[in-house]
Structure formats: structure tokens, C-alpha cells
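>>> Structure of the sequence below:
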Amino acid sequence: MWSLGCLLLGLFAGATNAEIASFSLPSPWSYVCDRSNSSFKITGHVIPAKCVKVASSDAEKVQGLQACKMTCGSKGSLWPAPTGLVQLSSDLVHFIPQDFRVVSVSTPSEDVSNMVNQFADVFREYLYMMNPDYEGGYKNPYSETPFINGKTVEVSISVESEDLTLDTQTDETYSITIQKKSVNTNRNNPIDGCEPRQAKQKPSSKIKSADAYGIHVTVSAKTYYGVRHGLETLSQMITYDDISDTLQTYSTAFVEDEPSFKHRGLLLDTSRNFMSKKVIKNIIRGMSYDKLNVFHWHITDTHSFPFYSRRVPQLTLHGSYSPKKVYKPEDIREIVEYAKLRGVRVLPEFDAPAHVGNGWQFGEKEGKGKLAVCVNQEPWQEYCVEPPCGQLNPVNPHVYTTLGKLYQDFFELFETDMFHMGGDEVNLNCWNSTEEIQIALRRQGKTGTEEELLEMWKNFQEQAAEKVYEAAGKKLPLILWTNSLTEKGQVEKFLSNRDYIIQIWTTGKDAVIKELIEKDFKVIFSNYDAWYFDCGYSSWVGEGNNWCSPYKGWQVVYENSPREMYRSQGGNPAKESLILGGEAAMWAEQVDGAAVMHKLWPRASALGERLWTDPDSSQTWKQAEIRMINHRQRLVERGIGADALQPEWCNQNEGLCYTKKN
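This next block holds a predicted model:
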């Protein structure tokens, strides 16, 4: 047993060694695991296991907080919690990154091997980031001579499929096995003693010696993306031990895991406020830590057109906020590749026919007529839901040729098995008050009734969809937001369940949820009463709070279960497979790159566990809170500016930050 006395001896013995760069006092505290759930009668929180701070002099075994967190609960500190079998040993072994090596990569192709090796480099930095002294740049912060002898960690990685396609059907399952390697028993295991490592001893010689045993880790999956998720989980099975200044992991473990939903996304709006490539990559990096797999890029809107269109550059010229605030083709390709390595696919959205305006003004000067109508029209309340206004002109044939070119640009840059066409918040009064649309209606003997305008919208949608199919070179699923075409009792008049996936942004109690699923539409949940992350701030078009207040805390995000929402309306269990998953939305009226990270995280982590694990109704946020608080710390270690949820004292004193049960 490693005692406080041994640690002090190691500290003072090492103080004369020039290779030890710093001196720190040992903590007077240790942590023990309490599985009694004795606090339930007071707190009302079911906490099957928690770490309790005690004086190290009173502890049977001195261990740090992270060691306790790893071994106390049945899921350790894993986030999102695995859905399959999890077996974690109570014994930990120590090592330093120098003794961690990938010894075998078994894949069916060089391309897959290259992806695995690239992510292995990402993983190695995870190990460095755990050390509070890490300053970046892949510079190893760990001493070659820690105070205790560590073990070797050898990793074998196996991928079955050579297919690197990342889409809705991609297999993301994986398994992890950790086993002890054969031990030479000629000498006692030095990790149980007080013997500090010799200053001149190099890692390689230590590995070869008889007193150094290690562990072997196997990460297996059908696809690269499963292996990537497995390595993400493995990184959470390793923590920094501040007592020994080493890393620690399980001596034996087994994890089997697969996602509950195929579609697990975040939406980012980059039109209202531009977000830099660096910020977008940072968001994708954070998503990968939570196994979120869809970056829904709402790249354009009425406010600005930052997407560089190679075939219609006038859109960017007239629509970007500035020449510097543009996503060039090389930027997009870089983002797509960066995301793919991290198991995230980029889903582009070109919202139409509404949410279109600035950038489209060039049509009249080029003899193409008005491509968009009601652009920047006032008073805006009569023509759109927020300023500035604008909608495509459905009676101008040049609109469709322009869309065709624009869609070709999209499909050259994005690797996607579906396309988001937006389709929300069309203002019928905008169309009905536009002269050339009125003329077109009169030629058809129409007067501009709501039914006639919805039919015009349907015709626009059909023509635009054909342009998408032509650009993609095939027919592929199209996504639309819930809108006037999907309202109760009429969706089948306008849309086919064979062609469209519906993204639900209305409330979680909207009766249209059951109706869409019962009518065999595949759906994605983004109900604003739980998963709109822009809610709860002050109004930006007046005073008071914004339209969708209040703020959605991580607890609300976590409790928002797509399946439970459908079941609560009496849904048919046989149709639950039509629920593809969900997305949280960060609309950007009131956020830009300066603040977006802490507005997204750690709430995005709550979304991650809901969509990966989908815990049943008996497992509420209360059972997840300890792991969530710890995971937020992990995000910060990795450079994600996640907002604080509680004082750090709560992380060190688990289960004591609560509201008293009535």
C-alpha cells in the first residue's frame, strides 16, 4: 500500500535529483467510496456510489479523487455512459505516456490504417492534457522519473471494414478489453513499495526489467468510427493521479458499447454572426468528446451569405459581412476532413424558400429579375419573423437555375448522405404582397388564398428538390423543419414520407410528433423547449427576455427523451425506429465565436448522453450529476471552454450540493 510516509520519502529523496523539476506538498486528504446511499432520506437523490473526502491519516488506502471516481461507480467516470456490458476492476495501474504505445493496428486497407494512426496522435495529446502542467504543442509534461515505478500499456487496434463512409448507416459499435500481461515473479511488484525510480533509468530499460509488468488493451470495431469511439472511451478510462504525477488506468476491464440513436447532432448558425474556422473546429472537437456525430451547419440565412459559391460568386460578393468573413472551398474541405477524423459528419443546410435575402439582390442588375422578394422590407413584422426579411421568388425561373448551381457547389464540398433544405417560417404575406407573384396568381385564376399559396410553396419545394437530386447525382433523403406544410392533418398533401425527414422544432408536447411518426415519416427532434441553446437571454429586438426563454439548463437537456415524448402521446413502439435521433440548436442572433463554447458546453454533453445512452426514465439527471461535474472538468482540461456548473468544492465533495427534499 502506498502510504503518505512513502510519498514524503519519495519527495525528499527526489528533491536532490536535477531531473525532478518541481516540488509540491502531498494532500492531507484521501477519498473512500461510499455505496450506502445513506443520504437519500435527506437529499432525495439516489446516489448509488459517491467519493467521500477523509483525512489521509484515517484512510486504509490513500488515493486521489480521480482514482476514487474511477473505481467507485459502476460506470467509473465514463461519459456518455456505455449502453452495453461494463466491467471495471477496482485495481489501478500507473504509467506515463512514454510507456504507452500502439503495438498493433489491424485494418483491411492503408486508408483505414492512416486514419487510425492520425487519431492515435490525437489520443496521445489527450494523455498530455490530463497533466495540469501541459502547455500545448505536444510537449510531454511528464517526468521521465516519477516517484513510483509505472507499467507499460500496449494497445492493439482492430478494424474489420475498409469502408470509410460516414453516414446514418455507419456502424459505430466497439469493444474494449484490458488485460494484465504476463508477470515475471522473480521480484515483488514495485508499485506496492516505496522505491522511487532511479534518476538515470530510461523507460526502455525499465520495460525490459523483470520488475515491470504491464497491461494490454484491445480496441475492436467493425469500422474506423467505432474504433475512434472506443479510443475516446479508453481516454476516459485513464486519469491523472496528482499523488504520483502519473497516469492511472484499470488493471482489467471490459466495455461493449453502441449508440441508441444514429443521428446525434449540434446545429450551428453562422449567418447571423460569423464563426471562424478555428471556432468551428473547436466545436467539432468538443462534439467528438461526447460522441456527437452530426455537425449541422446552418451556413446561410437572410442576414448574410458567407458560403463561397464557385458557380454563383455574386451571392457571396453581395451577401457576406466582409471579404474576410467567408468560408472558402479549402476552409470547408478542411473542416469536413477534421470532422471525419473525429467521427463527425458535416450536414449542410441551405434554408429556403424563407430565410433568404442578403446576397440575392444581384438578379435585377443582371436581367434575371427579382430572385428574392421582401429583402430588408419594412416594417419587418409584416413580412418575416425577425429582421431582416427575405424569401425566394417562386415564380421566377432563374431562381431554380441559380439553386441548381448552388447545390452543385454544396455537393462538391460536403460528403453527405442527406441534404437539409430548411423550409421553416415562410411568410405567406410576403409572397401575397409582391406584385409579380400577384400577377402570376391572377394568370392562373387565383386570388392568393392560404391554400393557393401553400400549393405554390409545394411547387417550389418539388422543383428545388429536383435540383438537389441533379446536383447529387442521385435521389437522397431531404430534411425539412416542421412548418405550415407539416401541420396537423395535411402533411401527406404536400410531402412524401419516402422523400422527406422532418426535423421537429416545436414543443415536445406538440401533437404533430405522433402524427408524423404514425404517418411513417422519419423524424429528428430539436424541440425548442429543451434543445434550443440560444434561449434564456435578453431580447435583441426590444426589452425583456428572448422569445423562447427560459434558459435550458443541462438537467432539462438531459431529461428530454425523444422516445419518451412519443410514448407519452400513446405512440406505437413498433414505429420508434423512425426516430433517427436529435440535435440541439445554437442559433446565433446573440452569440459569436467569443462566447459560443461556454453557451454550448457542458449542455452539449448532456445531449450526448441522452442520444448515445438514452437512459430509461428511472435514471434521471440526479444519478448522472457526479459524472457530469467530473466530465465538465475533463472538457476544460482539453481546452473546451465549458461553463462551470458548481463550485469545485462540489466536485471534491460528491453528493453534498443539493436542494433539501420536501
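
>>> which stretches of the stretch 551-662 of the chain form strands?
579-586 (DSSP state E, counting those that start in this stretch).

>>> Below-threshold pLDDT in it: ranges please.
661-662 (pLDDT under 70).

>>> The stretch 101-250 of the chain now?
For the stretch 101-250 of the chain, the ranges with pLDDT under 70 are 147, 182-212.

>>> For it, just list every one of the strands.
Going by DSSP E, counting those that start in this stretch, the stretch 101-250 of the chain shows strands at 152-159, 174-180, 214-221, 238-241, 246-250.

>>> Given the third one, what are its sheet partners and their directions?
Strand pairing for strand 214-221, using DSSP bridges, gives strand 152-159 (parallel), strand 174-180 (antiparallel).

>>> residues in contact with it?
93, 95, 99, 151-160, 171-181, 207, 227, 229-231, 234, 249, 251-252 (Cβ atoms under 8 Å, 6 or more residues apart in numbering). (Each C-beta comes from the backbone N, C-alpha and C, glycine too.)

>>> Can I get the strands paired with strand 214-221 in CSV including distance to residue 660?
Formatted as CSV, the strands paired with strand 214-221 follow (distance: least, Cβ to Cβ, whole Å):
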stretch, distance to residue 660
strand 152-159, 45
strand 174-180, 40
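
>>> Just the buried ones from the contacts of strand 214-221?
Buried by 16 or more other Cβ atoms under 10 Å: 93, 95, 99, 151-155, 157-160, 172-178, 207, 227, 229-231, 234, 249, 251, out of the contacts of strand 214-221.

>>> Find the nearest non-adjacent residue to residue 254, please.
With sequence-adjacent residues excluded and distances taken as Cβ to Cβ, 6 or more residues apart in numbering, residue 254 is closest to residue 87, at 4.4 Å.

>>> helix/strand/coil for that neighbour?
Secondary structure assignment for residue 87 (DSSP: H, G, I helix; E, B strand; the rest coil): strand.

>>> In this protein, which residue is most central in space?
Taking Cα atoms, centre = their mean, the centroid of the chain lies closest to residue 287, which sits 2.6 Å from it.

>>> so for the longest helix belonging to the chain, what's the average pLDDT?
As assigned by DSSP state H, the longest helix anywhere in the chain is helix 450-472. Over the span of helix 450-472, the pLDDT mean works out to 98.

>>> Need the contact partners of that helix.
Everything outside helix 450-472 that qualifies as a contact, by Cβ under 8 Å, 6+ apart, is 352-353, 392, 394-395, 400, 403-404, 407-408, 410-411, 419, 421, 423, 426, 428, 431-432, 437, 441, 446, 475-476, 478, 480, 484-485, 493-495, 499.

>>> Emit the ChimeraX select command for whichever of those residues are buried.
Applying 16+ other Cβ under 10 Å to the contacts of helix 450-472, the buried members can be selected in ChimeraX as follows:
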select :352,353,392,394,395,403,404,407,408,410,411,419,421,423,426,428,431,432,437,441,478,480,484,485,494,495,499
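
>>> Okay, helices next: where are they in the stretch 201-350 of the chain?
Along the stretch 201-350 of the chain, the stretches classed as helices by DSSP state H, counting those that start in this stretch are 203-208, 224-236, 277-289, 313-319, 329-341.

>>> Determine how far stretch 416-429 lies from the middle of the whole chain.
Centroid displacement of stretch 416-429 relative to its chain, using Cα atoms, centre = their mean, to the nearest Å, is 23 Å.

>>> CA atoms of that stretch as PDB?
Listed next in PDB are the C-alpha coordinates belonging to stretch 416-429 (Å, rounded to 0.1, in the frame of the first residue of the first chain):
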ATOM      1  CA  THR A 416     -23.300  13.800 -47.000                       C
ATOM      2  CA  ASP A 417     -26.000  11.100 -47.500                       C
ATOM      3  CA  MET A 418     -28.800  13.600 -46.900                       C
ATOM      4  CA  PHE A 419     -29.400  17.300 -47.500                       C
ATOM      5  CA  HIS A 420     -31.200  19.900 -45.300                       C
ATOM      6  CA  MET A 421     -33.500  22.200 -47.200                       C
ATOM      7  CA  GLY A 422     -34.700  24.200 -44.300                       C
ATOM      8  CA  GLY A 423     -38.200  25.200 -45.100                       C
ATOM      9  CA  ASP A 424     -39.400  26.900 -42.000                       C
ATOM     10  CA  GLU A 425     -41.100  30.200 -41.200                       C
ATOM     11  CA  VAL A 426     -42.300  31.000 -44.700                       C
ATOM     12  CA  ASN A 427     -44.300  34.300 -44.500                       C
ATOM     13  CA  LEU A 428     -47.300  34.000 -46.900                       C
ATOM     14  CA  ASN A 429     -48.000  37.700 -46.700                       C
END
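
>>> thought residue 396 was touching residue 364?
No: Residue 396 lies out of contact with residue 364 (Cβ atoms under 8 Å); the separation is 10.5 Å.

>>> Common neighbours of those two, please.
Common neighbours of residue 396 and residue 364 (Cβ under 8 Å, 6+ apart) are residue 370.

>>> Just want to know which of those two has more residues nearby.
residue 396 (20 against 10; other Cβ atoms under 10 Å).

>>> Give me the distance between the closest residue to that one other than its chain neighbours and residue 434.
The shortest distance from residue 396 to any non-neighbouring residue, by Cβ to Cβ, 6+ apart, is to residue 369 (5.1 Å). Residue 369 sits at a distance of 11 Å from residue 434 (criterion: Cβ to Cβ, to the nearest Å).

>>> what's the overlap in contacts for these two?
Here residue 369 and residue 434 share the contacting residues residue 393, scored by Cβ under 8 Å, 6+ apart.

>>> These two: who's more crowded?
Comparing residue 369 with residue 434 by other Cβ under 10 Å, the one with more neighbours is residue 434, at 20 against 14.

>>> Would you confirm that that one contacts residue 393?
Yes: using Cβ under 8 Å, residue 434 is in contact with residue 393, at 7.4 Å.

>>> any residues in contact with both of the two?
Taking Cβ under 8 Å, 6+ apart as the contact rule, residue 434 and residue 393 both touch 370, 373.

>>> The residue nearest to residue 396 reaches residue 361, doesn't it?
No: the pair residue 369 / residue 361 is not scored as a contact, 11.7 Å apart, by Cβ under 8 Å.

>>> Local confidence estimate at residue 100?
On the pLDDT scale, residue 100 gets 96.

>>> Run through the bridge partners of it.
Going by DSSP bridges, residue 100 forms beta bridges with residue 153.

>>> which ones are touching it?
Neighbours of residue 100 in contact, by Cβ under 8 Å, 6+ apart: 124, 127, 152, 153, 155, 247.

>>> again, only this time at 10 Å
If a contact means Cβ atoms under 10 Å, 6 or more residues apart in numbering, then residue 100 has 123-124, 127, 150-155, 214, 217, 238, 247, 249 as its contacts.

>>> quick one: buried residues of stretch 43-50?
43, 45, 47, 49, 50.

>>> start to end distance for that stretch?
Using Cα to Cα, to the nearest Å, the end-to-end distance of stretch 43-50 comes out at 14 Å.

>>> residues making contact with that stretch?
31-40, 68-69, 71-75, 618-623, 625-626, 653-662.

>>> Show the average pLDDT along it.
81.

>>> gap between residue 441 and residue 429?
14 Å.

>>> can you list residues touching both of the two?
Shared contacts of residue 441 and residue 429, counting by Cβ under 10 Å, 6+ apart, come down to 448, 453.

>>> Out of the strands paired with strand 214-221, which gets nearest to residue 538?
In terms of Cβ to Cβ, the element of the strands paired with strand 214-221 nearest to residue 538 is strand 174-180, at 43.7 Å.

>>> Just want the angle from the closest one to strand 246-250.
Interaxial angle, strand 174-180 versus strand 246-250 (axes from the mean of the first three to the mean of the last three Cα atoms, to 10 degrees): 110 degrees.

>>> Mind listing what's buried along stretch 528-547?
Residues of stretch 528-547 classed as buried: 528, 529, 530, 531, 532, 533, 534, 535, 546 (neighbour count, 16+ other Cβ under 10 Å).
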